[in-house]
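**Student:** sequence and predicted structure, then a few things I'm wondering about:
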Amino acid sequence: MEIKVLGPLSAQENGISVVPTAAKPRQILAVLALQAGHVVTVSTLMEEIWGEAVPRSAATTLQTYILQLRRGIAAALPRDAARGAKDVLVTRHGGYLLDIPPGEVDAHEYERFAAAGRAALDAHDDRAASDLLGRALAVWRGPALVDVRIGRVLELEVLRVDQSRLAVLERRVGADLRLARHCELVPELTVLTARHPMHENFCALLMLAAYRSGNAWRALQAFQQLRATLVEELGLEPSARLQRLHQSILVGDPALELEVAAL
């Protein structure tokens, strides 16, 4: 089974979609997919679907949703398949488990590339890190589970992977900056700072990339835009770290041409 959650929900077995049209079974499939290979408790699934307003018929209704998912899987399995739907969506004590290899879920593929990229950074191999982190980001097809109704459980999962994606993006840009890809980074970072107007790290990376591309004015403009947003929205000034970078650009500090400092 091939499942994708980093974008619209997609799940195919033997080339046939097994994604239900009903909202609640879709939520269940999404939770099970993100936890593929691990038991998801009945209480967790109920919390995702109903929150605090769990009806008396919840246990029976949940079993019905599981049955619907299994019917979809069974219909997609080849007739001579060694495993049946109950072997794929397994009942375990207190919960259910989607028994598929981790590599068949795009979120797990993303995490594998991201971990390899972080290891390359630790080994000071920026070229490999840029490639691996770029592969991790390429797995994404849009906002995670964009077409699935989100309950409490999925809300936290989506927040986790979204924050992870931003961190991976920062690391990849940092590696590219150390590889002297300054000019290529300026347009990307301009978009990122517009989308995340209070994200200091993206602003700092844009300032460095612009300065090293010979556009000190663009670096100073990025700082002023961030400062104006922080003051207006939060009543705060940029961090001391960012103010030091701003001052270094104003005076043309030669140290700015060295490799990226810890941002």
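**Tutor:** Good, I have the coordinates.
**Student:** neighbours around residue 98, how many?
**Tutor:** 26 (other CB atoms under 10 Å). Every residue, glycine included, has its C-beta placed from N, CA and C.
**Student:** wait, I meant residue 147
**Tutor:** Neighbours around residue 147, by other CB under 10 Å: 13.
**Student:** spit out the contact partners of it.
**Tutor:** Going by CB atoms under 8 Å, 6 or more residues apart in numbering, residue 147 touches 8-9.
**Student:** what's the separation between it and residue 155?
**Tutor:** Distance of residue 147 to residue 155, given as CB to CB, to the nearest Å: 15 Å.
**Student:** can you pull out the helices in the chain?
**Tutor:** Per DSSP state H, the chain carries helices over the ranges 23-34, 42-50, 58-76, 85-88, 106-122, 126-138, 152-178, 182-195, 200-212, 216-234, 240-251.
**Student:** list the contacts for the residue nearest to residue 16 when sequence neighbours are not counted?
**Tutor:** With CB to CB, 6 or more residues apart in numbering as the criterion, residue 16 has its nearest non-adjacent residue at 3.8 Å, and that residue is residue 76. Taking CB under 8 Å, 6+ apart, we find residue 76 in contact with 12-14, 16-18.
**Student:** weed out the non-buried ones from the residues you listed.
**Tutor:** 13, 18 (16 or more other CB atoms under 10 Å).
**Student:** out of the contacts of residue 76, which one has the weakest pLDDT?
**Tutor:** Ranked by pLDDT, the contacts of residue 76 bottom out at residue 14 (86).
**Student:** that one contacts residue 75, correct?
**Tutor:** No - between residue 14 and residue 75 there is no contact under CB atoms under 8 Å: 9.7 Å.
**Student:** what pairs with the residue nearest to residue 75 when sequence neighbours are not counted across the strands?
**Tutor:** Excluding the flanking residues, the one nearest residue 75 by CB to CB, 6+ apart is residue 16, at 7.2 Å. Residues in a beta bridge with residue 16, per DSSP bridges, are residue 13.
**Student:** residue 158 and residue 150 touch, don't they?
**Tutor:** Yes - contact criterion CB under 8 Å: residue 158 and residue 150 qualify, at 6.3 Å.
**Student:** neighbour count: those two, which is higher?
**Tutor:** Ranked by neighbour count (other CB under 10 Å), residue 158 and residue 150 place residue 158 first, with 20 against 17.
**Student:** what's the burial count for the spatially closest residue to residue 34 that is not a sequence neighbour?
**Tutor:** Nearest non-adjacent residue to residue 34, counting by CB to CB, 6+ apart: residue 157, 5.2 Å away. Other residues within reach of residue 157, judged by other CB under 10 Å, total 20.
**Student:** could you do residue 184 as well?
**Tutor:** 13.
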